[in-house]
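Student: Return atomic coordinates for the entry below.
(4 chains, ligands or ions: 6)
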Amino acid sequence: MSSVGIVIVSHSPKVAEGAADMVRQMVGDEVKVAWCGGDPTGGLGTSVEKIMQAIDSAWSAGGVAILVDLGGAETNSEMAIEMLPPERQGRAVVCNAPIVEGAVIAATEAAGGSPLEVVKRTAEELSPQ
Amino acid sequence: MSSVGIVIVSHSPKVAEGAADMVRQMVGDEVKVAWCGGDPTGGLGTSVEKIMQAIDSAWSAGGVAILVDLGGAETNSEMAIEMLPPERQGRAVVCNAPIVEGAVIAATEAAGGSPLEVVKRTAEELSPQ
Amino acid sequence: MSSEKELRLAMLTAVAQTISRHAEELTQLDQAIGDGDHGINMKRGFDAVMADSAGLVEKPWPEFLKGVGMTLVMKVGGASGPLFGTLFMTLGKELPGNPCAGDVAGALEAAIQAVQARGKSEAGQKTMLDVLVPVAAQLRKDALALTDLVTVAAAAAEATGPMKAIRGRASFLGDRSIGHVDPGARSSALMVAAVVGAVKGES
Amino acid sequence: MSSEKELRLAMLTAVAQTISRHAEELTQLDQAIGDGDHGINMKRGFDAVMADSAGLVEKPWPEFLKGVGMTLVMKVGGASGPLFGTLFMTLGKELPGNPCAGDVAGALEAAIQAVQARGKSEAGQKTMLDVLVPVAAQLRKDALALTDLVTVAAAAAEATGPMKAIRGRASFLGDRSIGHVDPGARSSALMVAAVVGAVKGES
Ligand SMILES: Nc1ncnc2c1ncn2[C@@H]1O[C@H](COP(=O)(O)OP(=O)(O)O)[C@@H](O)[C@H]1O
Ligand SMILES: Nc1ncnc2c1ncn2[C@@H]1O[C@H](COP(=O)(O)OP(=O)(O)O)[C@@H](O)[C@H]1O
Ligand SMILES: [Mg+2]
Ligand SMILES: [Mg+2]
Ligand SMILES: [Mg+2]
Ligand SMILES: [Mg+2]
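Tutor: Ligands and ions are numbered 1, 2, ... in the order given. So this is what the prediction gives:
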């Protein structure tokens, strides 16, 4: 499967899991989806380690689009991207789009086989502003 | 408490509950928050009845700001607003903002005592586009 | 049993049956360009309507239609719930207590207006409206040509295939929504056929 | 035990202790204008660093600092994690194996650049940068005036009180962020004081 993978990174594991459920309902198994949420000890927050694992499990030849909620989720995701093996960098991007709406839209676009830039752009443009 | 209440309406109960957790973490008990998610039999979707109950439980003299995710959540929320008692209509509004980010921002604004229009506008303007 | 009451029951039963029989097909259409729940949603809605049918059909046409619409609003759970719900509720509001064939076109036109307002949508966007609008036009042209009505509705549903979705979840697919019939258009055509069948006394 | 290694251990211990002692205060600052977890986050980060301290202090300064930064990145869990983590990692990248006082200002300036890039932020936005930037400037002016450094850092943290937050969660509060000290600014000042204390041989 080379369609772009989707990674959902929320401060709340419930939000991340629920958003992944909504993605699955739209795209079934056509797209790899992974999610993570919660700080390293399970409180509200994010964890670079969990983000790296989620990126790994959603990895596809087409790269991954990462959807985040607030500040720390974004900063930690960008940090995680920099810690990827060099050959994966540049093929993992954080979308400037709302986490839930953006994940559904990005996944729908990915299911159509669009490349990473198009998946990212579609999530950013089609989401409610 | 007259600060604007926050209602979170997602297709997924997990998303709605997790977003409410994030709101609570930001504003504690300063703002009433209610959430609902799932269709009338618990699948992914929304339910006008549950939305009306959530509006009722977050109701405040300042009104309620409703955050929704995709299409059906918005349409069902607008339907629910029309079915409110006349004296409550016009004091319940759907924000054109992302559900998770918008809920946190709207609640933060509501905690400052801003009126409904300002809460709505802030959620719509400050959210990632 | 008054014949009007019988007609209401026949219509309701026919619509609920066709939705139930085609639930799987509607869900598959929605799987192709949406979230794959339209058949499930519609069946849940009309099952709830049928559970109330004994009481509903007792009421005169306006209250009957409003009751059906309200149950759909409450039970469908998808975007189609408030949209079809608004359609039926507005039909109920517009039709007189003893409607004749000539009243239906105007009531349907008003109901379509209400659906458009609720959905922020219009015909041409690959939705239920692409069936409802030509059906209203045909009714306006000839309120008694029932077989034509079914043909128009079925053709209009088919004609959503080549359209690009502009509203609803299918719009997320952009050009890839082209080539698939819209589920809400299909369910609208099924309901028209069922209603006409009931009026003609088929079963 | 080499005196450099002792110094690393003293610094680490002093920083971890001050964070732990002020965790409640940091969390309260964050409750006022954020999500109320900054003390918890920082304590989790430095507890993890201390759990590794025996191994970390064995390493020369660059690897030591990179190790501390990496642990903060992995364990803090809030926005401050990658930001302070980047600060320490960049200090480690910039400093030579045997740094002298004169090397610190330049390394800190580079580290601040990296934090700004990571946070898409700059001084004046009511964040940790509002302490880090004046501390670097003071170091550039006089790398040996350690007491002044502590004074500058403390005053800079206090000075975030009247600022309006432009970055981080506190920015959601708009004008209401005014009148509260920024938690990350306060933790930065605490760390500066702890490091200076360790250098001066206080405990
Ligand atoms: N804004 C709208 N205006 C008109 N019809 C719409 C609109 N949004 C969706 N629909 C109709 O609803 C159908 C989908 O219904 P359903 O699957 O039950 O809801 P959901 O999309 O919430 O899962 C679409 O096929 C379309 O005909
Ligand atoms: N973009 C940013 N640039 C610089 N510093 C920031 C930025 N965002 C947040 N901070 C700092 O981080 C602190 C908050 O850290 P913390 O509470 O641990 O994380 P979170 O905000 O994710 O809960 C703020 O007080 C501020 O000093
Ligand atoms: Mg559907
Ligand atoms: Mg649905
Ligand atoms: Mg915080
Ligand atoms: Mg936090």
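Student: Of all residues in chain C, which one is closest to chain A?
Tutor: With Cβ to the nearest Cβ, the shortest gap between chain C and chain A falls at C:Phe172, namely 4.3 Å. The C-beta positions use only the backbone N, C-alpha and C, and glycine is treated the same way.
Student: Are we agreed that A:Cys36 is in a strand?
Tutor: Yes. Applying DSSP: H, G, I helix; E, B strand; the rest coil, one finds A:Cys36 inside a strand.
Student: Pull the contacting residues for it.
Tutor: By Cβ atoms under 8 Å, 6 or more residues apart in numbering or on different chains, A:Cys36 lies in contact with A:Val7, A:Ile8, A:Val9, A:Ser10, A:Pro13, A:Ala16, A:Thr46, A:Ser47, A:Lys50, A:Ile51, A:Gln53, A:Ala54.
Student: nearest spatial neighbour of C:Gly119, skipping sequence neighbours?
Tutor: In this structure, C:Gly119 finds its nearest non-sequential neighbour in C:Leu83, 5.4 Å apart by Cβ to Cβ, 6 or more residues apart in numbering or on different chains.
Student: Which per-residue confidence value corresponds to the residue of chain A found nearest ligand 5?
Tutor: Using Cβ to the ion, the single residue of chain A nearest to ligand 5 is A:Gly72, 7.5 Å away. The confidence metric pLDDT takes the value 95 at A:Gly72.
Student: List the residues that contact it.
Tutor: Counting by Cβ under 8 Å, 6+ apart, A:Gly72 has contacts A:His11, A:Gly45, A:Thr46, D:Gly77, D:Gly78, D:Ala79, D:Ser80, D:Gly81.
Student: Please repeat the previous calculation with a cut-off of 10 Å.
Tutor: A:9, A:11, A:39, A:44-46, D:35, D:37, D:41, D:76-83, D:168-169 (Cβ atoms under 10 Å, 6 or more residues apart in numbering or on different chains).
Student: next one: the helix or strand containing it to chain centre, how far?
Tutor: Assessed by DSSP states H and E, A:Gly72 sits inside helix A:71-82. Distance of helix A:71-82 from the chain centroid (Cα atoms, centre = their mean, to the nearest Å) equals 11 Å.
Student: Which residue comes closest to C:Thr147 once chain neighbours are left out?
Tutor: Per Cβ to Cβ, 6+ apart, closest to C:Thr147 is C:Val196, 7.5 Å.
Student: give me the number of residues near C:Cys100?
Tutor: By other Cβ atoms under 10 Å in any protein chain shown, 9 other residues sit near C:Cys100.
Student: residues contacting it?
Tutor: Per Cβ under 10 Å, 6+ apart, neighbours of C:Cys100: C:Ala143.
Student: quick one, helices of chain C?
Tutor: With DSSP state H, the ranges of helices along chain C come out as C:3-21, C:23-33, C:38-51, C:53-58, C:61-75, C:80-94, C:101-119, C:129-141, C:146-159, C:183-199.
Student: middle-most residue in chain C, spatially?
Tutor: Chain C has C:Ser188 as the residue nearest its centroid, 3.8 Å off, counting by Cα atoms, centre = their mean.
Student: I'd guessed that one sits against C:Leu87; true?
Tutor: Yes. With contacts counted by Cβ atoms under 10 Å, C:Ser188 reaches C:Leu87, the gap being 8.9 Å.
Student: quick one: C:Thr13 and C:Ser53 touch, right?
Tutor: Yes. C:Thr13 lies in contact with C:Ser53 (Cβ under 10 Å); the separation is 7.4 Å.
Student: Spell out which parts of chain A neighbour chain B.
Tutor: Counting by Cβ under 10 Å from any Cβ of the partner chain, the residues of chain A close to chain B are A:10-22, A:24-26, A:37-38, A:43-45, A:68-70, A:74, A:95-102, A:104-105, A:124-125, A:127-129.
Student: Around chain B, pick out the residues from chain C.
Tutor: Counting by Cβ under 10 Å from any Cβ, chain C comes close to chain B at C:34-37, C:40-41, C:44-45, C:48, C:70, C:72-83, C:85-86, C:89, C:117-120, C:167-172.
Student: List buried residues within these.
Tutor: The neighbour count (16 or more other Cβ atoms under 10 Å in any protein chain shown) marks C:34-37, C:40-41, C:44-45, C:48, C:70, C:72-83, C:85-86, C:89, C:118-119, C:167-172 as buried among the residues of chain C next to chain B.
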